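> everything below, folded, please.
(chains A, B, C and D)
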2 protein chains.
Amino acid sequence: MLPATNRSVPVSNRLLAKLPRKEYQHLLTKLELTNLTFGSAVYEPGDIIRHVYFPTSGVVSLLATEGEGTNLEVGMVGREGMVGLPVFMGVKTSRNRAVVQGAGVALRMKATALRKECENGGGLPRLLRRYTHSRLTQTAQAAVCNRFHSIDARLARWLLTTRDGMEAEKFRLTQEFLSSMLGVRREGVNKAAGNLQREKLISYSRGILTILQPAKLEAIVCQCYRITKEEYDSFLPE
Amino acid sequence: MLPATNRSVPVSNRLLAKLPRKEYQHLLTKLELTNLTFGSAVYEPGDIIRHVYFPTSGVVSLLATEGEGTNLEVGMVGREGMVGLPVFMGVKTSRNRAVVQGAGVALRMKATALRKECENGGGLPRLLRRYTHSRLTQTAQAAVCNRFHSIDARLARWLLTTRDGMEAEKFRLTQEFLSSMLGVRREGVNKAAGNLQREKLISYSRGILTILQPAKLEAIVCQCYRITKEEYDSFLPE
DNA sequence: GCGCATATGCGCGCTAGCGCACATACGGCC
DNA sequence: GGCCGTATGTGCGCTAGCGCGCATATGCGC
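So this is what the prediction gives:
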């Protein structure tokens, strides 16, 4: 694995990019590049979390579980965030599962190194506290959305959020996977996707989904999308 | 308002109690006693949060909202916690509402004072980071529970959690209020409460609810209750 | 004691989403 | 090119929980 400083192409994670240049340069010496391979788990419930990940591309979903086959997405992390908050909070494990939902690349750092970097104060812990707040808001909003909104609306929200994370309008995903994210049956996903296709908002065939009319999707999506996005933007401005 | 050190009766918040004695003594000089009056809001969505609260009795519920009349409880804070996490995370406001669900007393501290106390490192920020983790877990679990479990199960969970917070088996609450907590119609609460009464697990009449058989309630409640409780206990042991 | 605002107790029709059971389509691997 | 595992489309009965309407209780102010 190459140390992150040995790169010619500047990759960037938007959270790290908010740090003062000097601190950022220092952190790069502690970071290494790693692949986020599609479908793999960054950690499973109960695992000891040994690294934190700052994606520079790709998206990781955080799933809360309850018994066999009962999954629900409670957070999504892309270039704007970090996977492994429990480490920052001084806890070794998580009850959630973190899975790579869109392939990409991340800068990663040993858990012990992160803790050490945060001990002296400075920009990093302050940044991560704010980020934690946005994740807490995200999770609370997900709870509301999952409770009150239809599958169609939640699907639209999920697609837009994923687009923001992937910075692409086209991505791979199975209905089975989507059903875990939304916490509904696969058949329900099928129907909702059919509805959106009929309206020509998306095209979806054999695991490849393309957003055709993002503007129209934004028009029908619930407020939860906007709220979550705004909460991140307002406390972690560019 | 009396300064917290001027008391004869030792009141205690279990979070603060985990601090080294010296640090605890120091913090007491910054804390003042205040009443948590039944039904009042500690803060509303968008309010600037000026104090953090460490309840020594009573319970505060955190509600996520979405439009008019759409509420959902995403967290509960009693003697074991703190109200006002956004302050700790360096953020001035919250999108949630914090309401006093069971009357009591809290030690409170100015937001600016909390920030200052956390700057130098020490036990307090470490403690609050761990507490933040337990709240994140709590919220994620609430999302799962609200998505997958029946009203009956969720009511049972809510009652047990409230009992733990209030340290009492009897409390005031209207069906209307419960409906906001659980994110269901009042009529749904009525029916679920009727079911539990028929089984003689609770008695509920005119705003006064009494848990008659906590053991039996624990037998029928979903795992979410245990999970949330354990997560707190394991990372913030006595 | 009267009146009114607030909390309850129910019934009934309706719909979203579940559980289950199939009938396909791809897409590699051999 | 045939086989098979994985991903899809779809239909059908069922149930929890919603929306709505309305018939009480209760308690407080005057």
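> other SSEs contacting the worst-scoring helix or strand of chain A on mean pLDDT?
Scoring the helices and strands of chain A by mean pLDDT, DSSP states H and E places strand A:202-205 at the bottom, with a mean of 87. Secondary-structure packing of strand A:202-205 (3 or more C-beta pairs under 8 Å, 6 or more residues apart in numbering or on different chains; DSSP states H and E): helix A:186-198, strand A:208-211. In this view, the C-beta of every residue, glycine as well, is placed from N, C-alpha and C.
> any low-confidence regions in chain A?
Across chain A, the ranges flagged by pLDDT under 70 are A:1-11, A:237-238.
> what about 50?
In the predicted model of chain A, residues A:6-9 satisfy pLDDT under 50.
> what about the strands in it?
Secondary structure of chain A (DSSP state E): strands at A:32-36, A:41-43, A:51-55, A:59-65, A:71-77, A:97-102, A:104-110, A:170-172, A:202-205, A:208-211.
> partners of the second one, with directions?
I take that to be strand A:41-43. Strand pairing for strand A:41-43, using DSSP bridges, gives strand A:97-102 (antiparallel).
> from the chain's centroid, how far away is the strand it pairs with?
8 Å (C-alpha atoms, centre = their mean, to the nearest Å).
> what's the answer for stretch A:191-209, then?
For stretch A:191-209 - counting by C-alpha atoms, centre = their mean - the centre lies 22 Å from the chain centre.
> quick check: buried residues in it?
For stretch A:191-209, the buried set under the neighbour-count rule, 16 or more other C-beta atoms under 10 Å in any protein chain shown, comprises A:Ala192, A:Ala193, A:Asn195, A:Leu196, A:Leu201, A:Ile202, A:Tyr204, A:Leu209.
> what residues sit buried inside the longest helix that chain A contains?
Identified as the longest helix of chain A according to DSSP state H is helix A:123-148. The neighbour-count check on helix A:123-148 (16+ other C-beta under 10 Å) flags A:124-125, A:127-148 as buried.
> touching chain B at all, it?
Yes: applying C-beta under 8 Å from any C-beta of the partner chain, one finds helix A:123-148 touching chain B at A:126, A:129-130, A:132-133, A:135-137, A:139-148.
> circling back to that earlier point, ok, which of the strands of chain A comes nearest DNA strand C?
strand A:202-205 (7.6 Å; C-beta to the nearest atom of the strand).
> give me the sheet partners of that closest one and which way each runs.
strand A:208-211 (antiparallel).
> max pairwise distance over the buried residues of stretch A:191-209: which two?
Pairwise distances across these (C-beta to C-beta) peak at 13.9 Å, for the pair A:Asn195 and A:Leu209.
> now for the residue positioned nearest the centre of chain A: which residues touch it?
Residue closest to the average C-alpha location in chain A (C-alpha atoms, centre = their mean): A:Val77, at 1.8 Å. Neighbouring residues of A:Val77 by C-beta atoms under 8 Å, 6 or more residues apart in numbering or on different chains: A:Pro55, A:Val59, A:Val60, A:Ser61, A:Leu62, A:Val83, A:Ala98, A:Gly165.
> may I have the beta-bridge partners of the first one?
By that I understand A:Pro55. A:Ala106.
> thought A:Gly84 was touching it, still the case?
No: because the distance of 11.2 Å does not satisfy C-beta atoms under 8 Å, A:Pro55 is recorded as not touching A:Gly84.
> higher neighbour count, these two?
Using other C-beta atoms under 10 Å in any protein chain shown as the criterion, A:Pro55 and A:Gly84 rank with A:Pro55 on top: 29 against 23.
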